[in-house]
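Student: after the sequence you'll find the predicted model.
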Amino acid sequence: MIELHINHKPYEKKTGVACFAPYVSVIISPLSGQNKDEILFDARIDTGADITCIPRSFASKLGPLILGNPITVRGHDGNAQKVWTYRMSITMLGYPDNERLKAYRPERGVLLTDSNIGLVGMDIIGSCRRITFDSTLREFFIEC
């Protein structure tokens, strides 16, 4: 039996963004070292993002991170550049109960951004069994 982990979660409109969108609570944590810190924040579900993006301001609180591999990314302006990825654990929290769902360790790592909003990309959501967006009710469901 498949259990709904995020059920009837309403879209949210965060400060500084133009529209309502689906957000999940995530916890990031380092993969190595003595630092066992965890950082909790909200990240937008983004089916247009190939790779998960974490705000640099949150990631920097974890101390030194394991460097991933360089990848070529193309920004919204169309320009391509080579950037480094970083390895970390990302855990999505359920809704409405906030229990920890599943920890992900994206194989390619994650991108660090100067944005204050994180994005959960296809590298993580592609492993979920089902994601449903209801734009009429402005809510979504995720089965992992």
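Tutor: That came in fine, so what should we check first?
Student: for the residue nearest in space to the middle of the chain, name its beta-bridge partners.
Tutor: Per Cα atoms, centre = their mean, the C-alpha nearest to the average position across the chain is that of Val120, at 2.8 Å. With DSSP bridges as the criterion, Val120 is bridged to Ile45.
Student: and if you look at Asp134?
Tutor: Glu139.
Student: Phe141 reaches Asn7, doesn't it?
Tutor: Yes: counting by Cβ atoms under 8 Å, Asn7 is a contact partner of Phe141 at 5.8 Å. To be clear about C-beta, it is placed using only N, CA and C from the backbone, and glycine gets the same treatment.
Student: which elements pack onto the lowest-mean-pLDDT helix or strand in the chain?
Tutor: Lowest by mean pLDDT, DSSP states H and E among the helices and strands of the chain is strand 100-104, with a mean of 81. For strand 100-104, the packing partners by 3 or more Cβ pairs under 8 Å, 6 or more residues apart in numbering; DSSP states H and E come out as strand 80-93.
Student: same for the helix or strand encompassing Ser25, what does it pack against?
Tutor: Here Ser25 sits within strand 23-30, counting by DSSP states H and E. With contacts defined as 3+ Cβ pairs under 8 Å, 6+ apart, the packing partners of strand 23-30 are strand 39-45, strand 80-93, strand 118-120.
Student: which residue packs closest to Gly68, ignoring adjacent ones?
Tutor: Leaving aside its chain neighbours, Gly68 sits nearest to Gly109 (2.8 Å; criterion: Cβ to Cβ, 6 or more residues apart in numbering).
Student: measure how buried that neighbour is and give me the count.
Tutor: 24 (other Cβ atoms under 10 Å).
Student: check the gap between it and Asp77 for me.
Tutor: Taking Cβ to Cβ, to the nearest Å as the measure, Gly109 falls 23 Å from Asp77.
Student: try Val24
Tutor: Separation of Val24 from Asp77 (Cβ to Cβ): 27 Å.
Student: do Arg56 as well
Tutor: 19 Å.
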